[in-house]
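Enquirer: sequence plus predicted model, see below.
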Amino acid sequence: MEDIDEIVREFLVESHENLDQLDRDLVALEEAPRSRELLSSVFRTIHTIKGTSGFLAFARLERVAHVGENLLVDLRDGRRTMDQPTTDVLLLMVDTVRDLLGAIERTGGEGDVDVEPAVAAITRVQEGVPDEPAAAPAAPSAEAAAAEAPADEPALAREASSDVVAPEPAVAPEPAVAPEPAVAPEPAPAASLIPKQRPAEGAHLDDTGTLRGAADSSIRVDVDLLDQLMRQVGELVLARNRISRLASSAQDVDLARSAQQLNLIASELQEGVMRTRMQPIEHVWSKMPRVVRDLAAMCGREVRLEMVGGDTELDRSLLEAVKDPLTHLVRNAVDHGIEAPQDRVAAGKPAQGVLELRASHAGGQVSVEVRDDGRGIDPEVVGVKAVAKGLRTAEQVAAMSPNELLQLLFLPGFSTAEKVTNVSGRGVGMDVVRTRIEAIGGTVDVESTVGAGTVWRLRIPLTLAIMPSLSVECAGDLYALPQVHVVELVALDTQRSDSGIEYVHAAPVYRLRGELLPLVSLAGVLGVQTTPGREADESSAVIAVVQADQHRFGLLVDRVLTTEEIVVTPLAARLKAIGVYSGATVLGDGRVALILDVQAIARRAISRDSELAARAASEASAAARAEVEQVLVAGIGGSRRVAMPLASVARLEHVRAEQVELVGGREVVQYRGTILPLVRLDRLLGTFARESDELLLVVYTRGTRSVGLVVEEIVDIVEDEVGKHSTIDDAGLTGSTVLGDKVTELLDVRSAILAADRDFYTDPVPDDAFAGLDELVGAVR
Amino acid sequence: MSSYVTFTVDDGLYGVDVQRVQEALRAHARTRVPLAPEGVAGLVNLRGQVVLTVDLRPRLGLAAVSDEDEQMMVVVQVSGETVSLLVDEIGDVVDVPADRVEAPPDTLDPAIRPLIRAACTLEGRLLLVLDVDEAAAA
């Protein structure tokens, strides 16, 4: 039985059911010969069996079904009415079909079942050969008995075989008596059919103790029923969660033990019900050989398809979801991965390429690989394409590792196809694959070695209905964060001024082990107010570091409560349309929580710019581990930029131009009750700023003395690597460096200040240079 | 003869087809849904089922209610989904003879009009029959 493949097995199960229905319909039809409904039902069934058997190359089955169908066409078209002989031969046909199915089930082939008697009998009835009623009814009834007896009473099979043979002699003489020569040949095969059938039947029944027929060992279940069961198990899991929670707080040993048992049973039941929804991935793979064959022929490739692990099972809804992405990857591998035979030979490879599909279970997930031994993907080419298509800049590409470059393949609008074919390569491929796979909580990855081949790796969760999640609190509400996205949690103490949150332009980032992580405030995304009583700046908060699409970012929440297995309930359509929730769930304490759609939040909250800014900044900082200092970059007019060390800047001030007074040939403003000397950096450095009625001052303070440096605009605060400076021998400058792709001059702050206040550095002062730093950062924001 | 489950919202008497009503009960604690359309009052846990709650007030052009704890829910079925409507008080189930059911008055605010399927004249009161699908669409 094992060697019967899945399609045949399904065909058998289906046909057995159909045949039972056919028996009933035929008998009913005899009672009500005018029933169009019954007739069409019978017709459909025979037609289905005929069609499928033709497809599966069961020639005899097809033949007998075909003649039966012809007879039914006569009935359907009103050329004949249903009478007893007609019913008899049709039932004979059903029995013959059943015999054939039995043989197929046992041996995988049609065996030696002879269909000619049935065919002859049907033909005779159809052609209206007279006098056949004498023979025909007898034969089928005997055969029906033969077919039924072993089936109904397996234990008696051996005895039954001799018993059932008994009526046969009774059959044989009958036609012999009959004068028609046309009838004479019929009983002989009929008689030979039965004895031949018998030993096979007997052999089958001998081991029936352990072997069940295809129809008996499986049942068809409505998918809705399975879904409903799954939902109910989900409820059970929730109830279990509640009970476990109660039991762990009560000091009752019996309750604890019962709860533990419930826990165990619920888990097993959950697993069992989940298994009923599982289907082997073969279902999806089964059409791949054809896809590969046709495509290979079209593209002039020689490809051998190998499939390993086809029995790996997946939830049926997920199976449905991976079908298209997988097909796309396979097509892509044949079209772009595997080279033309002559190219392969030239490269020292066999002319025939190997495409391998490999599925396996790994850590609660299913991993599916599409592996080819083709030309591989050159990261450099990918990088060049990405630049050519304007998806990334040349600088960004230059800084990327080969693996990062390959990830660019998943960007929307990317296609490596050298020419657009009707197979793939319209630039809608891989991003769609990624979107689809991520939509079901999976991931897709690519590895490639130039000249040796490419591996596309999908990781798919086993089921969607129940998933581990993290409940997080934001503005007093609870939300469920699917754990598959959570990389780590970072507690944040925002009471401390050096909490680690920094700002690149206006985008908050967090420095996590030297890397800058873009931060997204959940309250901000949801547009909710932080609970009154909490500090506006989240006095204590948690960063959930999450990974979604190609983004890794920190989701800022108020608190993280617990991890829980949640049951996903779909949302009403108009809540789904909001785009940040993927569902809702009932938590262990009975509260309803919305499930956050991390991918959607990433797309919504992280513009590409801020991600790139963070990336650029983190790369800059990674490159400059040695000696970095933060510098304030200011425009001073004439598109010149200067950088000054941030550490000694006290604050930034705006003053109106008319407040500037002249004291002894120097410009000053009255500032917090003191006189603040100014120095205009544009004039000092030999350029000209726009005239404006407002001046922007960078204030340096030392003790009681302050000096204001007049600049045109504040550009940014960046990190500057001291070691990379080139020296400039120019008045007022100490060198130049490249900050954010622009050459920036380094201001000699000391001489600039001295130009305004000669005694600035001579007065002794306490060391409070950092005092105004926070204010400064606030002002820059 | 049509039967309606009646309820009040801000002194107005409204009704929905009794066939569509699953149950009526005291309002549960709701989980708010940030970014949701105005009429969405939140999600409630109705015996383990997550049910969308719709506040009829914004839809009827009424101001938001101040004391939320006194509200009731009328749970209705809308195209396979369970939705609960937030109302002030639940009234009786009334049977209205067909000749008492009329088209909604022309003076009705055009914004509310699609929501009202019919107007029934009861003894001394006007009952506005809500279109459940419209009402639940928030």
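Expert: It's in.
Enquirer: any idea how far A:Ser706 is from A:Leu676?
Expert: 5 Å (Cβ to Cβ, to the nearest Å). Quick note: C-beta positions are derived from backbone N, CA and C, even for glycine.
Enquirer: over to A:Thr87?
Expert: From A:Thr87 over to A:Ser706 (counting by Cβ to Cβ), the distance is 112 Å.
Enquirer: okay, those two: which has more neighbours?
Expert: Between A:Thr87 and A:Ser706, counted using other Cβ atoms under 10 Å in any protein chain shown, the more crowded position is A:Ser706 (24 against 19).
Enquirer: secondary structure class for the more buried one?
Expert: Under DSSP: H, G, I helix; E, B strand; the rest coil, the three-state class of A:Ser706 is strand.
Enquirer: can you name the residues bridging to it?
Expert: Counting by DSSP bridges, A:Ser706 is bridged to A:Thr701.
Enquirer: wait, doesn't it sit right on A:Gly673?
Expert: No. Using Cβ atoms under 8 Å, A:Ser706 is not in contact with A:Gly673; the gap is 11.2 Å.
Enquirer: who's in contact with the residue in chain B positioned nearest to chain A?
Expert: For chain B, the residue closest to chain A is B:Pro34, as judged by Cβ to the nearest Cβ, at 3.7 Å. B:Pro34 sits next to A:Asp477, A:Leu526, A:Gly527, A:Val528 when contact means Cβ atoms under 8 Å, 6 or more residues apart in numbering or on different chains.
Enquirer: quick check: it is in a helix.
Expert: No. Membership of B:Pro34 in a helix is not supported by three-state DSSP, which gives coil.
Enquirer: give me the pLDDT for it.
Expert: B:Pro34 carries a pLDDT value of 90.
Enquirer: overlap in contacts, A:Leu676 and A:Ser706.
Expert: Counting by Cβ under 8 Å, 6+ apart, the shared contacts of A:Leu676 and A:Ser706 are A:Val699.
Enquirer: the closest residue to A:Gly309 other than its chain neighbours: neighbour count?
Expert: Spatially, and ignoring its direct neighbours in sequence, A:Gly309 is nearest to A:Ala359 (4.0 Å; Cβ to Cβ, 6 or more residues apart in numbering or on different chains). Other residues near A:Ala359 come to 24 when the count uses other Cβ under 10 Å.
Enquirer: name every strand pairing with whatever helix or strand A:Ala359 lives in and say which way it goes.
Expert: Using DSSP states H and E, A:Ala359 sits in strand A:353-362. Strand partners for strand A:353-362, identified by DSSP bridges, are recorded as strand A:303-308 (parallel), strand A:365-372 (antiparallel).
Enquirer: most packed of those strands?
Expert: Of all the strands paired with strand A:353-362, strand A:365-372 has the most neighbours on average by mean count of other Cβ atoms under 10 Å in any protein chain shown, namely a mean of 22.
Enquirer: pLDDT (mean, whole number) over that one?
Expert: So the average pLDDT for strand A:365-372 ends up being 88.
Enquirer: using PDB, list the CA coordinates for the next helix or strand after that strand.
Expert: Remark: after strand A:365-372, the chain's next helix or strand is helix A:379-388, criterion DSSP H and E. The C-alpha coordinates for helix A:379-388 follow below in PDB (Å, rounded to 0.1, in the frame of the first residue of the first chain):
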ATOM      1  CA  PRO A 379      26.600  40.700  -4.700                       C
ATOM      2  CA  GLU A 380      28.600  43.300  -6.700                       C
ATOM      3  CA  VAL A 381      26.100  43.100  -9.500                       C
ATOM      4  CA  VAL A 382      23.300  43.400  -7.100                       C
ATOM      5  CA  GLY A 383      24.900  46.500  -5.600                       C
ATOM      6  CA  VAL A 384      25.400  48.100  -9.000                       C
ATOM      7  CA  LYS A 385      21.800  47.400 -10.000                       C
ATOM      8  CA  ALA A 386      20.500  48.800  -6.800                       C
ATOM      9  CA  VAL A 387      22.400  52.000  -7.500                       C
ATOM     10  CA  ALA A 388      21.300  52.100 -11.100                       C
END
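Enquirer: no further questions, thank you.
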